[in-house]
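Undergrad: Predicted model and sequence below, questions to follow.
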Amino acid sequence: MSDLWNVDPIPFVGKRSLRQDLGFRYYQPDRVVAGKPMKDWLRFAVAYWHTFDQRLVDPFGEGTAQRPYDKYTDPMSLALAKVDYAFEFYQKLGVEYFCFHDRDLAPEGDTLRETDANLDRVIDLIEQHQKESGAKLLWNTSSLFTNPRFLAGAGTSPFADIFAYAGGQLKHSLDIAKRLGAENYVFWGGREGYENLWNTDLKREQDHIARFFQMAVDYAKEIGLEAQFLIEPKPKEPTTHQYDFDAATTIAFLKTYGLEDHFKLNLEGNHANLAGHTYQHEVRVARTAGMLGSLDANQGDKLIGWDIDEFPSDLYESTAVMWEILAEGQIGPHGGLNFDAKPRRTSFTAKDLFRAHIVGMDTYAAGLLVAAKMHEDGYIEDLVADRYSSFDSGIGAKVEAGETSLKDLEDYALDIPQSKLLAATQSDHLETVKATLNNYIVETLGQE
Ligand code: XLS
Ligand code: NI
Ligand code: NI
C-alpha cells in the first residue's frame, strides 16, 4: 500500500492505556458478539462528502481543513486524486463500506451531459478501486440541493424544467448505483419543503415528489437495480419546513402515496434531535412499522439547534440504538452505520479524520457490547413484559383479541372502587431503571 496519509493501519489496542490514540479500544471487526462478528452488526461506512470534501467551514469562516490532496488545483485532477486517497483511507481505517452524493465526486459541467461525463470518469476509477480492494457501496445519492438551480427544491420545485433536470440527474445516479453494486439508494430532500405557505401549493408539491419517487421505483425495476430505496427524514434545515419531518411523518407520506413497499428509512441521530426526538425514538418508530433501513450515525450538540454532524461519542445513545438493532436482528435488510459526521473546525489535520472515525466506531462497538449484555440478561424484556402483563389474561386479553365493546368495558368498570383501580397500577421505578442502565455501561465496559 502507498502511504498517502502518512498513517499506519489503525490497530486494535484494547485497554493498553486510558488515553485514546490512533487505535481501537473496543472495535474488533471479527469478534463475535451476540452470534455475529462486530463488523457484520455495525457495517461501518465512510461518508465521502464530510471526510474528503468538507473544508470545515461554518457560516462565519472559511475552511480550516488541511488535506494531503490540497496540492491538486485542477478540479478534475483533484477529483481523481481524492478517490485514491479515499480508498486508502477505508483500508487503513478498516471500514468496508462508503457512501457518496454524485456531486461529491466530480465538478459540474455546463450541461447535464457534460456533468455526467466528468462524473463517469471518476466512477470508472471507483469501480477499479472497488475491484482491487473489495470496498462496497453502502449507498449513493443525488445532490439535489447544492446547485442554485435547486433553490426552491428538486422534486418539489415549482419550476418544471428544474423538476425534469432533477429526474435526469436521478436516472444517472441510479445507473451508477447499479454499476457499483450499491446496497441501498438514499433520498434526502434537502430543499423539499417550504419557507412560506403563502406562495406554496402543499398538495401539488407532495404529489410531484411522490411522482418523482414512483419514477425512481419504475426505473430501478427497468434496469434490475436491487438497491433498497431509503428516505432520510429531517425536520428543517435548509428549508424551514421539510416534508420528511421525522420517521412517523415519512411513513405516513409513503403510505398516503402507496410507496411503502418500496422504501425504508435512513435515520440520522442529529436529525432526530432537530425533530425533538431521541435517536432511539426514531429507530423504534421505524422498526415498529417494519421500515428500518439504515443509520447515519452522528450526534448533535444539546446546546446548538442545528445539524452540526458531530462524530458520535455518547455511550448512552449508542447503547440505546444498538439495543434496538440487536432487538431487530440487523440494522436493516442491507443497512449499515454511515458516519454522516465531520471533525470539529479546530480538529483540522488529516490525522483528525482517523481520530474522529475511531471515536465513532469505538462508541458504537462499545454500545453493541453493552446492549448485547442487556439482551443476554433480558432485563428490559422482563421489565416491559411485566408492565403490560395485565393484557395477557382477563379483560386485557379480551381487548387485545378484539372481543370487547365499549358497553362491555362499562359493565366491567362500573363498580370497581378507586382503591382497586389504583392497586391495578404499578410504579415504573424509572430512576432505578436508569441506574441499572448506568451499571450495564460501566460494568460491561469495565470488564473489557
Ligand atoms: C443532511 C443529510 C445528508 C444526507 C445525504 O443533513 O444528513 O448528508 O445524509 O444527502
Ligand atoms: Ni445524513
Ligand atoms: Ni444530516
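TA: That came in fine, so what should we check first? Ligands and ions are numbered 1, 2, ... in the order given.
Undergrad: List the buried residues of stretch 80-93.
TA: Going by neighbour count (16 or more other Cβ atoms under 10 Å), the buried part of stretch 80-93 is 80-83, 85-93. In this view, the C-beta of every residue, glycine as well, is placed from N, C-alpha and C.
Undergrad: Any chance of CSV for those, columns secondary structure and distance to ligand 2?
TA: Converted to CSV, the buried residues of stretch 80-93 look like this (DSSP: H, G, I helix; E, B strand; the rest coil; distance: Cβ to the ion, whole Å):
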residue, secondary structure, distance to ligand 2
80, helix, 26
81, helix, 25
82, helix, 20
83, helix, 21
85, helix, 22
86, helix, 18
87, helix, 22
88, helix, 24
89, helix, 19
90, helix, 19
91, helix, 24
92, helix, 24
93, helix, 19
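Undergrad: Can I get those in CSV including pLDDT and distance to residue 383?
TA: Below are the buried residues of stretch 80-93 laid out as CSV (pLDDT from 0 to 100; distance: Cβ to Cβ, whole Å):
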residue, pLDDT, distance to residue 383
80, 98, 55
81, 98, 54
82, 98, 49
83, 98, 49
85, 98, 48
86, 98, 45
87, 98, 46
88, 98, 47
89, 98, 43
90, 98, 40
91, 98, 43
92, 98, 43
93, 98, 38
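Undergrad: wait, which of these is closest to ligand 3?
TA: Lowest distance from ligand 3 to the buried residues of stretch 80-93 (Cβ to the ion) belongs to residue 86, with 20.0 Å.
Undergrad: How about that closest one: what's its closest non-neighbour residue?
TA: Nearest residue to residue 86 in three dimensions, chain neighbours excluded: residue 52, at 5.4 Å (Cβ to Cβ, 6 or more residues apart in numbering).
Undergrad: cool, residue 213 as well?
TA: Spatial nearest neighbour of residue 213, chain neighbours left out: residue 259 (5.6 Å); criterion: Cβ to Cβ, 6+ apart.
Undergrad: I'd assumed residue 212 was in contact with the one you found.
TA: No. In this structure, residue 259 is not within contact of residue 212 by Cβ atoms under 8 Å, at 10.6 Å.
Undergrad: In terms of packing, which of these two has more residues around it?
TA: Neighbours were counted for residue 259 and for residue 212 using other Cβ atoms under 10 Å; residue 212 has more, 21 against 17.
Undergrad: list the contacts for the more buried one?
TA: Residues near residue 212 by Cβ atoms under 8 Å, 6 or more residues apart in numbering: 154, 155, 163, 166, 167, 170.
Undergrad: Reformat those residues as JSON lines; add neighbour count and distance to ligand 3.
TA: Shown next, in JSON lines, are those (neighbours: other Cβ atoms under 10 Å; distance: Cβ to the ion, whole Å):
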{"residue": "154", "neighbour count": "28", "distance to ligand 3": "17"}
{"residue": "155", "neighbour count": "26", "distance to ligand 3": "18"}
{"residue": "163", "neighbour count": "18", "distance to ligand 3": "24"}
{"residue": "166", "neighbour count": "22", "distance to ligand 3": "20"}
{"residue": "167", "neighbour count": "17", "distance to ligand 3": "24"}
{"residue": "170", "neighbour count": "23", "distance to ligand 3": "20"}
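Undergrad: Pull out the buried residues from the helix or strand containing residue 210.
TA: Residue 210 is part of helix 202-223 when elements are defined by DSSP states H and E. Using 16+ other Cβ under 10 Å as the burial criterion, the residues of helix 202-223 that qualify are 205, 206, 208, 209, 210, 212, 213, 216, 219, 220.
Undergrad: tell me which of those is nearest to residue 3?
TA: Closest approach between those and residue 3, by Cβ to Cβ: residue 220, at 40.0 Å.
Undergrad: Just confirm the closest one contacts residue 228, I think it does.
TA: No. Counting by Cβ under 8 Å, residue 220 stays clear of residue 228, with 10.1 Å between them.
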